[in-house]
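K.L.:
Mind looking at a prediction? Sequence and model below.
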Amino acid sequence: MTPNVGAGESRLERGRRALADIDGHAGEKVVASLADIAPDFATYLIEFPFGDIYTRPGLDLRAREIATIAALTAMGNAAPQLKVHIEAGLNVGLSRVEIVEIIMQMAVYAGFPAALNGLFAAKAMFAERATGEGHAS
């Protein structure tokens, strides 16, 4: 499930397509929230992570979201971004059980506080999706 790299597509076009495929409305919301303060940063956010990294061959989107959820959990201080990527993980085929296991695994490497923060972010995202507040595509 790696996004296809379109012939002649710019980094921005490729990034927008990947962002929509992976994060759906949640990603668009993050980019839109930067429009009035740092529109150039929003462009960088689309071009580099999504236009360059997520569209590379070698890992499918599911594997990339496993790595991203693990990294954001380990950071321990990125709950808003973790919630977006938990939703993205669900969008690309991860189950709730798999996401919880990824986060629990981080207790070994990042400590219990980071894993607890991650689990609370997952609980909040799962609740939002259950009530229709999440924006899964």
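P.N.:
Sure, I can see it.

K.L.:
nearest residue to residue 53 other than its sequence neighbours?
P.N.:
residue 64 (7.9 Å; Cβ to Cβ, 6 or more residues apart in numbering). All C-beta atoms are positioned from the backbone trio N, CA, C, and that covers glycine.

K.L.:
Now name the helix or strand holding the one you found.
P.N.:
Element membership for residue 64 (DSSP states H and E) is helix 61-75.

K.L.:
before we move on, the earlier item: surely the residue nearest to residue 53 meets residue 54?
P.N.:
Yes: the criterion here is Cβ atoms under 8 Å, and residue 64 meets it with residue 54 at 6.0 Å.

K.L.:
Could you pick out the longest helix of the chain?
P.N.:
Using DSSP state H to define each element, the chain has its longest helix at helix 112-130.

K.L.:
quick one on the thing from earlier: mind listing what's buried in the helix holding residue 64?
P.N.:
Burial within helix 61-75, assessed by neighbour count using 16 or more other Cβ atoms under 10 Å, is assigned to 61, 64, 65, 66, 68, 69, 70, 72, 73, 74, 75.

K.L.:
what does stretch 107-117 give?
P.N.:
By neighbour count with 16+ other Cβ under 10 Å, stretch 107-117 contains the buried residues 107, 110, 114, 115, 117.

K.L.:
how deep is the residue nearest to the last one when sequence neighbours are not counted tucked in, by neighbour count?
P.N.:
When you say that, I think you mean residue 117. Nearest residue to residue 117, sequence neighbours excluded (Cβ to Cβ, 6+ apart): residue 76, at 5.6 Å. By other Cβ atoms under 10 Å, the residues close to residue 76 number 17.

K.L.:
residues in contact with residue 76?
P.N.:
Listed by Cβ atoms under 8 Å, 6 or more residues apart in numbering, the contact partners of residue 76 are 110, 111, 113, 114, 117, 118.

K.L.:
got those residues as TSV, with distance to residue 86 columns?
P.N.:
Compiled in TSV, the contacts of residue 76 are given as follows (distance: Cβ to Cβ, whole Å):
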residue	distance to residue 86
110	16
111	19
113	18
114	15
117	12
118	9
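
K.L.:
can you tell me which two in these are farthest apart?
P.N.:
111 and 118 (10.8 Å; Cβ to Cβ).
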